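[1] Kindly return the folded structure for what I paste below:
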Amino acid sequence: MRTGLVINPEVHALLLQGAAAASLLTRFLIFSRNPGSLAARMHAIFGIAVAWWLFCLAEVASATSAEAIEFYVRLSQIAVGMLPAVVYHLHVSITGDQRDLDRAILAHYGISLLITLFCMTSPLLFSEPYRYSWGPYPSYTLWGLIPMAWFLLVLIEVPLRYRQQMKRYPPGTLVQQKLRALYLGNTLAPVVMVDFLPAFGIAIYPFSYLISLVMHIATLFGALRFHLIEITTYIAAEKILNTMSDALIIIDRDGLIRAVNPAANQLFRCEDRLMIHRPVADLISDPALLAVVCMPIEQTLSNHEAEYLRTDGESRVLNLTMTDLQERGAVLGRIVTIRDVTDLRNAESDNERLQEEVRQAQKLETLGVMAGGIAHDFNNLLMAVFGSADLAQSKQFMGASIEKELRTIRSAAERGAELTNQLLTYAGEGRSVKAEVDLNVLIEGMRELMHTAISKKARLTLDLAPHALWVMVDASQIRQILLNLVSNASEALNGKPGAITIRTGPLPGAEQGVVPGDPSDASVFFEVEDSGLGMDETTRERMFEPFFSTKFTGRGLGLSLTLGIVRAHSGRIEVETDLDQGTRIRVTLPSIAPPGDRPDPPVLRRDEWQGSGLVLLADDEAQVRWVTQQMLERMGFEVLEAKDGSETLLLFQRHQQDIRALVLDLTMPGMSGTEVMEQVRTLAGAVPTVLISGYAEWHRQLPESADQLIFLRKPFSLRDLSDAIRSVIG
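    Numbering: from 1, shown residues only. Below you'll find the model as predicted:
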């Protein structure tokens with residue numbers, strides 16, 4: 001009997017059983033943490049194999065017959081022979097390399113299976129068991145070196161694989177630290193080979209179950225505390241960090257860098273090995289960017305964009321995302337993700353520039369279309385002016401009344417002013433003033449003007465509602481719509497005789513099949529119907545497109561502008577047309593309640609207001625000066641005329657005591673109207689002044705001080721000028 005360490009066999013068997021139970025318990029606790037993980041499943045299999053081995057050795061220690069000893073020794077070889085493959089597979093699954101090493105895994109299982117079969121069946125493996133103080137123990141022949149060598153080879157291979165993996169990651173990184181812990185832990189595993197020594201007659205106590213117990217407890221602690229069940233996700237995270245295009249920096253509460261990925265190294269021109277555990281200021285030299293990154297941990301900042309000037313002088317635009325790193329409610333540090341958006345911002349800038357160029361091109365194209373339409377409309381108006389002027393002149397010689405001709409001329413001039421305002425509105429400088437308007441009165445007032453805009457062969461009929469139709473509209477824009485629709489209707493007649501009818505009326509409810517709009521239930525309409533060519537399906541589908549037209553260049557403003565005006569008034573357009581069946585276009589507008597009774601107008605007309613004194617008038621256009629002089633003299637003023645700013649100042653200095661007001665053109669050669677006014681105010685203080693101009697951007701030239709100052713846009717009427725003079729003089 002060999003002695004070795006003196007220990008009772010029953011105690012030895014009890015220790016082995018306790019270690020076996022601990023193996024099962026610890027590994028199944030690991031498995032319960034993440035049963036879907038391959039590594040966790042392999043932990044469970046490893047625990048079963050180790051427990052099987054230890055339980056069999058416990059039975060051997062308490063066996064009394066040679067047959068029982070050999071039975072349990074043979075049974076233990078299932079675990080002894082398969083453990084090398086299980087150990088290899090377990091650690092490969094921990095590192096996540098099972099897909100890359102699937103053939104190696106199969107090879108390990110194949111070799112282990114052959115060795116297991118050999119150990120369980122070969123009569124050459126065992127001889128008479130040894131008797132030690134802790135109980136009987138199997139006796140290996142030289143053939144026993146085969147399973148011993150295979151087990152030792154795998155126990156050496158595993159830490160070497162961890163060491164190889166560990167070299168792939170920079171020191172100090174989380175995945176490198178986990179690999180290092182597993183490497184160091186598995187370097188102790190070959191000590192379990194001490195259990196094979198008593199099988200060859202060396203009287204040393206087989207204490208590997210104690211080593212196994214310590215490793216089980218350490219693995220369980222690492223699994224629960226440091227997530228060492230498997231590090232596949234950490235390896236994947238590390239690879240993602242190493243390949244991601246965004247820079248990433250992890251900073252602790254003390255402002256020290258704990259991790260930097262290669263993208264950050266490239267962005268900030270540094271090496272991560274030199275940055276770990278260094279202040280973040282050593283990495284980021286730009287003060288503005290550093291102030292953002294080093295904001296207090298408690299201050300939340302999800303997204304920020306900043307310019308960064310690199311040490312090589314290149315400026316970059318960076319988008320920063322801050323995320324606090326927390327565990328159990330405590331803030332451990334901050335994760336800073338930095339994306340270089342310089343190229344993106346440059347591309348956006350280029351795209352905006354291209355879009356602006358497209359918009360300008362579209363605007364020029366639109367202006368070309370509008371210019372043709374305006375020219376067409378102005379030619380009609382000028383025709384009305386020339387024709388009425390000729391008729392008035394011929395009637396004057398005959399002593400006949402020329403009131404109708406004068407009304408036509410004035411109406412055409414007002415219409416011309418409205419067209420000009422439409423262009424200014426398109427350019428952002430026009431005036432759009434909505435007021436209570438009776439739709440019937442507005443259309444009736446355009447009767448003569450519409451007659452001049454249509455073909456002489458066309459017959460125009462007004463079918464107006466018998467009662468007032470009140471709407472809140474910009475009257476000039478509604479006139480624009482009417483003239484446009486009437487002009488289109490005349491064109492549709494194609495120079496042949498035909499009828500154009502304008503109707504108005506109330507519309508109690510919304511109708512279907514219209515261009516989008518949402519008028520109120522109480523609405524009124526006006527419509528223009530012609531007996532012309534009508535439109536086919538293709539034309540109907542495109543009739544509201546901005547640049548679509550069936551006319552030759554320079555005819556009309558198009559239905560796109562009409563649609564825009566209608567929508568701006570919360571209205572809609574309904575179109576009924578068919579080829580060779582004519583067209584009816586109805587415009588529906590929200591109606592308003594009739595205005596209340598108004599006081600009767602004063603007997604004295606405002607344009608008959610009379611003033612007195614001397615007015616200094618300055619304008620570089622002789623015709624404008626003459627008309628304005630006649631208006632001022634009609635009001636009762638004496639007038640001094642000047643054609644530029646210098647002459648204006650000279651006349652003011654001569655007649656300063658007698659001048660009651662100034663009427664100054666805003667844009668004159670040499671000195672502008674505002675410059676003249678400022679010079680006058682320097683000489684004599686505030687003098688009542690009326691600034692006049694037809695310039696679109698007049699408001700940019702007005703002085704900051706507006707005391708005793710009124711602006712009047714050209715063209716203006718006698719009443720407009722009278723109101724302005726009376727207001728400024730007070």
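[2] mind listing what the strand ranked longest in the chain pairs with, with the direction of each?
    Longest strand of the chain, by residue count under DSSP state E: strand 315-327. Strands adjacent to strand 315-327 in the sheet, as given by DSSP bridges, are strand 304-309 (antiparallel), strand 330-340 (antiparallel).
[3] Could you say which of these is packed most deeply?
    Greatest average neighbour count among the strands paired with strand 315-327 goes to strand 330-340 (a mean of 17), per mean count of other CB atoms under 10 Å. C-beta here means a position set from N, CA and C on the backbone, and glycine is covered the same way.
[4] Residues contacting that one, please?
    245-253, 258, 264, 267, 293, 297-298, 316-326 (CB atoms under 8 Å, 6 or more residues apart in numbering).
[5] Let me see the residues that make contact with the helix or strand where residue 145 lies.
    Taking DSSP states H and E as the definition, one finds residue 145 inside helix 145-166. Residues from elsewhere that reach helix 145-166 (CB under 8 Å, 6+ apart): 77, 80-81, 83-85, 87-88, 91-92, 95, 108, 111-112, 115, 118-119, 140, 176, 179-180, 182-183, 186-187, 189-190, 192-193, 196, 235.
[6] Report the next helix or strand after it in sequence order.
    Sequence order places helix 174-186 as the next helix or strand after helix 145-166, per DSSP H and E.
[7] After that following helix, which helix or strand is next? Please name it.
    Next element after helix 174-186 (DSSP H and E): helix 208-225.
[8] Give me the buried positions along that following helix.
    Within helix 208-225, the residues scored as buried using 16 or more other CB atoms under 10 Å are 208, 209, 211, 212, 213, 215, 216, 219, 220, 222, 223.
[9] One more: stretch 393-412?
    Neighbour-count burial for stretch 393-412 [16+ other CB under 10 Å]: 402, 405, 408, 409, 411, 412.
[10] from those residues, which ones fall inside helices?
    Mapping the buried residues of stretch 393-412 onto helices (DSSP state H) picks out 405, 408, 409, 411, 412.
[11] Contacts only, for the second one.
    When contacts are counted by CB under 8 Å, 6+ apart, residue 408 is found next to 384, 385, 388, 448, 449, 452.
[12] That one and residue 392, how far apart?
    Note on residue 408: its distance to residue 392, by CB to CB, to the nearest Å, is 9 Å.
[13] One more: the third one?
    Between residue 409 and residue 392 the computed distance is 8 Å (CB to CB).
[14] same thing with residue 483?
    In terms of CB to CB, residue 483 sits 23 Å off from residue 392.
[15] do residue 290 as well
    With CB to CB as the criterion, residue 290 and residue 392 are 82 Å apart.
[16] my guess is residue 642 contacts residue 651, does it?
    Yes: taking CB atoms under 8 Å as the definition, residue 642 is a contact partner of residue 651 at 5.5 Å.
[17] So for these two, which sits in the more crowded spot?
    For residue 642 and residue 651, the more surrounded residue by other CB atoms under 10 Å is residue 642, and the numbers stand at 23 against 18.
[18] Torsion angles phi and psi at that one?
    phi -140, psi 150 (degrees, to the nearest 10).
[19] tell me the contacts of it?
    So residue 642 contacts 616, 617, 618, 648, 650, 651 (CB under 8 Å, 6+ apart).
[20] who wins for neighbours among those residues?
    With neighbours taken as other CB under 10 Å, the top of those is residue 648, carrying 28 neighbours.
[21] How about the secondary structure of that one?
    Following DSSP: H, G, I helix; E, B strand; the rest coil, we place residue 648 in the helix state.
[22] circling back to that earlier point, can you add distance to residue 9 and give the buried residues of helix 208-225 back as TSV?
    Formatted as TSV, the buried residues of helix 208-225 follow (distance: CB to CB, whole Å):
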residue	distance to residue 9
208	17
209	14
211	21
212	20
213	19
215	25
216	24
219	29
220	29
222	34
223	34
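[23] between those, which is nearest residue 470?
    residue 223 (83.5 Å; CB to CB).
[24] From residue 173, how far off is the closest one?
    In terms of CB to CB, residue 223 sits 20 Å off from residue 173.
[25] Kindly report the same for residue 439.
    From residue 439 to residue 173 the distance is 79 Å (CB to CB).
[26] Settle it for me: which of those two has more neighbours?
    Neighbour totals were compared for residue 439 and residue 173, and residue 439 leads with 25 against 21 (other CB under 10 Å).
[27] per-residue confidence at the more buried one?
    Note on residue 439: pLDDT of 93.
[28] again with residue 361
    At residue 361, pLDDT is 66.
[29] Was I right to think residue 480 contacts residue 568?
    No: applying CB under 8 Å, one finds residue 480 not in contact with residue 568, separated by 11.8 Å.
[30] and the two? which has more neighbours close in?
    More neighbours surround residue 480 than the other of residue 480 and residue 568, with 22 against 13 (other CB under 10 Å).
[31] element containing the more buried one, please.
    Using DSSP H and E, the element containing residue 480 is helix 475-492.
[32] got it, and residue 277?
    Per DSSP H and E, there is no helix or strand for residue 277.
[33] just checking, it touches residue 260?
    No: at 10.9 Å, residue 277 does not count as touching residue 260 under the criterion of CB under 8 Å.
[34] With neighbour numbers in mind, choose between these two.
    Each of residue 277 and residue 260 has its neighbours counted (other CB under 10 Å); residue 260 has more, 28 against 10.
[35] Now do the phi/psi pair for that one.
    Dihedral angles of residue 260 (phi, psi; degrees, to the nearest 10) stand at phi -140, psi 130.
[36] Which one of the buried residues of helix 208-225 is nearest to residue 462?
    Distance to residue 462, by CB to CB, is smallest for residue 223 among the buried residues of helix 208-225, at 93.5 Å.
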